[in-house]
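Trainee: Kindly return the folded structure for what I paste below:
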Amino acid sequence: MIKKSKSQNLTQKTLSGLLWKFAERIGAQMVTTIVSIVLARLLLPEDYGLVSIVTILITLCNVFVSSGFGNSLIQKKEADEVDFSSVFYASLVISLGLYAILFFSAPAIARFYENDLLSSVLRVMGLRLPFAAINSVQQAYVSRQMAFRKFFFATLAGTLVSGAVGLYMAYSGYGVWALVGQYLTNAVIATIMLWIIMKWHPRLVFSFKRLKALFSYGWKLLVSGLLDTGYNELRGLVIGKKYAPSDLAYYEKGKQFPSLVAVNINASFNSVLFSAMSKVQDDRQKVKAATRKSIRLSSYLLMPCMMGLACVAEPFVRIILTDKWLPAVPYIQIMCFVYAFYPIHTANLTAIQAVGRSDLFLKLEIIKKAVGIVSLLISMWFGVIWIALTAMLTTLISSFINAFPNKKLLNYSYGEQIKDLLPAVGLSVLMGVPVYLMNFISLNIYALLCLQVFVGVGLYLGASIIFKVESFGFIWKIVKKMLKRKNAEEQSGRNNAELLSAEEIESFLRDVDKDFPIPLSEKTDLKEYALKLQERATLFVERAEGTIVSMVAGYTNDSQDGLAYIAVLATKKECRGRGLAEKLLQKFLSECKEKGFKAVHLYAVKENEKAVALYQKLGFEEYFPANEQRPNDLHLILKFES
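Mentor: Next up is the predicted model:
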């Protein structure tokens, strides 16, 4: 029974984490996109081209401090303070060394790209690296704890502040430095916010032995990350050197909007599912089920977005970015095709990492990058558009390469994966054809774009309902459950038996069992007691990341004597000091008053001074009934005014 409860908690944490991670990505990127659109209207494509070159170089350096060790910490079954602190100090030292290299090589890089301003921009933007090193360890801790809610607020704060800085500098005429200010401020604020709100901070401990063990897993991911990032950014480096900065700006802007959607959806699935898969890595059937679910759900969400954006690319650019960015339209359409296949890439690679096969992960990256580099060397001589077109071909080849190992590891073949993609592909094509044909209608451009979006969404959702698409049903079920819970809580302020399972209650009781002066498990069977509470008690709970962290349970069904009784009031150790118990207790008392009870009584241990102080604060007094059943405990009562 305990195993079932843990499995259920993992599922709840995964779904909750996925929602918070998705919210974090979407919230941050919405703000970033709005700021980016305003900046694009204020600045020239040449400014973006210059910053793009610098961003590519820093991104490559960032792989050294954010890849490998971070994933090792998540993947390790029992990572402790020594592991986290050792990685923290090692990553920080590496980041400072990389910045020194960037600083002294900046003039040479500027000469290579024939742009003197590049040197100063690179030196300032490179200051992001130490903050990225700190943030990588913070993210690993957040992922292990599945505390994505905290990450949501930190990221959003960084995005809002950096957006304000970028807009102010752009309106003040700082030109390219507005982009630099936005880029750097984002990293600084997000890191500081996580430092403030997170429980974990590095301790003065360091172990080369632990670091070596983590590196044995992480170095392959580090090399894979370098290959992947270097390969992805190689096109930008080649375009920046061989063609004009504006050409690079159009190419990068063409990637921005498709990647905004694709990367956010896939990063959300990847961050949460990697942690979840790692916890069940020894059960390949569960890993396969999670991989399959990831491909189905992410493709269902991603495919129509990519198809729709490709179909409305021209009116979208005219309205959002103005006509000076029209050369970016074909790149947007090409990149929509490229990113549409990301679900296969993400799900397969996440599964391979989760089961600990980082060696296989590295081999796949080498093969894929070899194919991509050959295609780039051929296409770079024929123009930027041909460089983009070859990315379409290499994406198809790479999807097969990524999927191939999981036929053996998970018994999940490429054919099965394509079959799982087909519903989303079919629905997207059914939606995309009429949406694209609407471009030939003579209509105001604003009205046209609104009509295309409306028709596209309507067709996709309508077809999902008509054809009873499984992914739509799954998402709709989650939405209805969330709405039901929200409505129930708004109506009564309580999480009662309809919203709580006996397994959830039992799991919470086991987590706080030893915090009671006499553990509950020594007085009663927790499974039976949880079922009793679920069936008969009035329950109020507070959740964090999908699991119960605080609870009050009492009996309010029998009002003959006018007394309600509080049986359980407990909060997990890590969540104490936030006023959760007092908040829930006040809700319980309000419910009792509404039901017409004259008083509420409970038992407390005299030595538990904090609990007794809370009860007295709320008006509880000592109670001396004639037939006292527990004379050794402190019996308290709160009488309501008539």
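Trainee: Count the residues that sit near residue 434.
Mentor: 13 (other Cβ atoms under 10 Å). Placement of C-beta: from N, CA and C, glycine included.
Trainee: quick one: contacts for it?
Mentor: Residue 434 is in contact with 455, 459, counting by Cβ atoms under 8 Å, 6 or more residues apart in numbering.
Trainee: Next secondary structure after the lowest-mean-pLDDT helix or strand in the chain?
Mentor: None of the helices or strands of the chain scores lower by mean pLDDT, DSSP states H and E than helix 2-42, at a mean of 56. Proceeding N to C from helix 2-42, the next assigned helix or strand is helix 45-66, under DSSP states H and E.
Trainee: what about the nearest residue to residue 312 once chain neighbours are set aside, how many residues close to it?
Mentor: Of all residues not flanking residue 312 in the chain, residue 452 sits nearest, at 5.0 Å (Cβ to Cβ, 6 or more residues apart in numbering). Other residues lying near residue 452 total 23 when counted by other Cβ under 10 Å.
Trainee: pLDDT weak spots in the stretch 1-150 of the chain?
Mentor: Within the stretch 1-150 of the chain, the segments meeting pLDDT under 70 span 1-33, 35, 42-43, 65-79, 142-150.
Trainee: ditto for the stretch 351-500 of the chain
Mentor: 353-356, 358, 478, 481-499.
Trainee: where do the helices sit along it?
Mentor: Remark: helices assigned in the stretch 351-500 of the chain by DSSP state H, counting those that start in this stretch are 358-379, 384-403, 406-409, 414-437, 445-466, 470-492.
Trainee: The residue nearest to residue 312: what's it in contact with?
Mentor: Taking Cβ under 8 Å, 6+ apart, we find residue 452 in contact with 308, 311, 312, 315, 435, 438, 439.
Trainee: same thing with residue 41?
Mentor: 321, 322.
Trainee: circling back to that earlier point, name the nearest of the contacts of residue 452 relative to residue 508.
Mentor: residue 308 (43.5 Å; Cβ to Cβ).
Trainee: Return the residues in contact with the closest one.
Mentor: 431, 432, 435, 452, 453, 456.
Trainee: okay, the residues you listed in a markdown table with distance to residue 90 next?
Mentor: Putting the contacts of residue 308 into a markdown table (distance: Cβ to Cβ, whole Å) gives the following:
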| residue | distance to residue 90 |
| --- | --- |
| 431 | 49 |
| 432 | 48 |
| 435 | 50 |
| 452 | 51 |
| 453 | 48 |
| 456 | 48 |
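Trainee: closest to residue 194 among those?
Mentor: Looking across the contacts of residue 308 and measuring by Cβ to Cβ, the closest to residue 194 is residue 453, at 35.5 Å.
Trainee: How many neighbouring residues does that closest one have?
Mentor: Neighbours of residue 453 using other Cβ under 10 Å come to 14.
Trainee: Please apply the same query to residue 600.
Mentor: Neighbour number of residue 600 under other Cβ under 10 Å is 25.
Trainee: okay, it: pLDDT?
Mentor: Listed pLDDT for residue 600 reads 91.
Trainee: in which helix or strand would I find residue 638?
Mentor: Going by DSSP H and E, residue 638 is in strand 634-639.
Trainee: what are the pairing partners of that strand, and which direction each?
Mentor: Paired neighbours of strand 634-639 in the sheet (DSSP bridges): strand 599-604 (antiparallel), strand 621-622 (antiparallel).
Trainee: Let me know which of those is tucked in deepest.
Mentor: strand 599-604 (a mean of 19; mean count of other Cβ atoms under 10 Å).
Trainee: Could you identify the pair within the contacts of residue 308 that is furthest apart?
Mentor: 432 and 453 (12.6 Å).
Trainee: Now tabulate the strands paired with strand 634-639 in TSV and tack on distance to residue 166.
Mentor: Output for the strands paired with strand 634-639, formatted as TSV (distance: least, Cβ to Cβ, whole Å):
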stretch	distance to residue 166
strand 599-604	55
strand 621-622	59
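Trainee: Which one, of the ones you listed, ends up nearest to residue 119?
Mentor: Comparing the strands paired with strand 634-639 by Cβ to Cβ, strand 599-604 comes nearest, at 68.5 Å.
Trainee: what's the angle from whichever helix or strand comes after the closest one to strand 634-639?
Mentor: The C-terminal neighbour of strand 599-604 among helices and strands, as given by DSSP H and E, is helix 609-617. Orientation of helix 609-617 against strand 634-639 (axes from the mean of the first three to the mean of the last three Cα atoms, to 10 degrees) gives an angle of 20 degrees.
Trainee: Could you tell me how far helix 609-617 lies from the centre of the chain?
Mentor: How far helix 609-617 lies from its chain's middle: 39 Å, per Cα atoms, centre = their mean, to the nearest Å.
Trainee: What of stretch 89-105?
Mentor: 28 Å.
Trainee: contact partners of it?
Mentor: With Cβ under 8 Å, 6+ apart, stretch 89-105 has contacts from 57-58, 61, 64-65, 69, 122-123, 126-127, 129-130, 132-134, 136-137, 202, 206, 211.
Trainee: give me that answer again for 10 Å
Mentor: The contact list for stretch 89-105 (Cβ atoms under 10 Å, 6 or more residues apart in numbering) reads 54, 57-58, 60-66, 68-70, 109, 112, 119, 122-123, 125-137, 202, 204-206, 208, 211, 214-215.
Trainee: what stretches of the stretch 151-300 of the chain score poorly on pLDDT?
Mentor: For the stretch 151-300 of the chain (pLDDT under 70), the answer is 151-153, 199-200, 216-218, 220-221, 224, 264, 266-284.
Trainee: what is the orientation angle of whatever helix or strand residue 103 lives in with helix 45-66?
Mentor: Secondary structure assigned from DSSP H and E places residue 103 in helix 81-112. Per the same axes, to 10 degrees, the angle that helix 81-112 makes with helix 45-66 is 150 degrees.
Trainee: about what we covered before: buried residues of the strand holding residue 638, list them for me.
Mentor: By neighbour count on 16 or more other Cβ atoms under 10 Å, the buried set for strand 634-639 is 634, 635, 636, 637, 638, 639.
Trainee: Can I get that strand as CSV, trimmed to CA atoms?
Mentor: The C-alpha trace of strand 634-639 is given here as CSV (Å, rounded to 0.1, in the frame of the first residue of the first chain):
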residue,chain,number,x,y,z
LEU,A,634,-4.0,19.2,28.0
HIS,A,635,-7.7,19.4,27.0
LEU,A,636,-8.6,22.7,25.3
ILE,A,637,-11.9,24.2,24.2
LEU,A,638,-13.0,27.2,22.2
LYS,A,639,-16.5,28.3,22.9
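Trainee: Averaged pLDDT, it. What do you get?
Mentor: Taken as a whole, strand 634-639 has a mean pLDDT of 89.
Trainee: Same question for stretch 334-343.
Mentor: What stretch 334-343 shows for mean pLDDT is 87.
Trainee: Mind listing what's buried along it?
Mentor: 334, 335, 336, 337, 338, 339, 340, 341, 342, 343.
Trainee: How about stretch 462-474?
Mentor: 463, 464, 469, 471, 472.
Trainee: Now the two most distant members of those residues.
Mentor: Top of the distance list for the buried residues of stretch 462-474 (Cβ to Cβ): 463 and 471, 12.3 Å.
Trainee: Please identify every residue contacting each of the two.
Mentor: 423, 427.
Trainee: Name the nearest residue to residue 582, sequence neighbours excluded.
Mentor: Leaving aside its sequence neighbours, residue 582 sits nearest to residue 614 (Cβ to Cβ, 6+ apart; 6.0 Å).
Trainee: Tell me who's in contact with the one you found.
Mentor: Contacts of residue 614 by Cβ under 10 Å, 6+ apart are 569, 579, 581, 582, 585, 604, 608, 620.
Trainee: Quickly list the domain ranges of the protein.
Mentor: Domains of the chain are assigned by automatic domain parsing as 244-492, 494-639.
Trainee: Buried deepest among the ones you listed, which one?
Mentor: domain 244-492 (a mean of 19).
Trainee: quick one on the thing from earlier: so can I have TSV of the domains of the chain showing distance to residue 219?
Mentor: TSV is the format used below for the domains of the chain (distance: least, Cβ to Cβ, whole Å):
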stretch	distance to residue 219
domain 244-492	8
domain 494-639	31
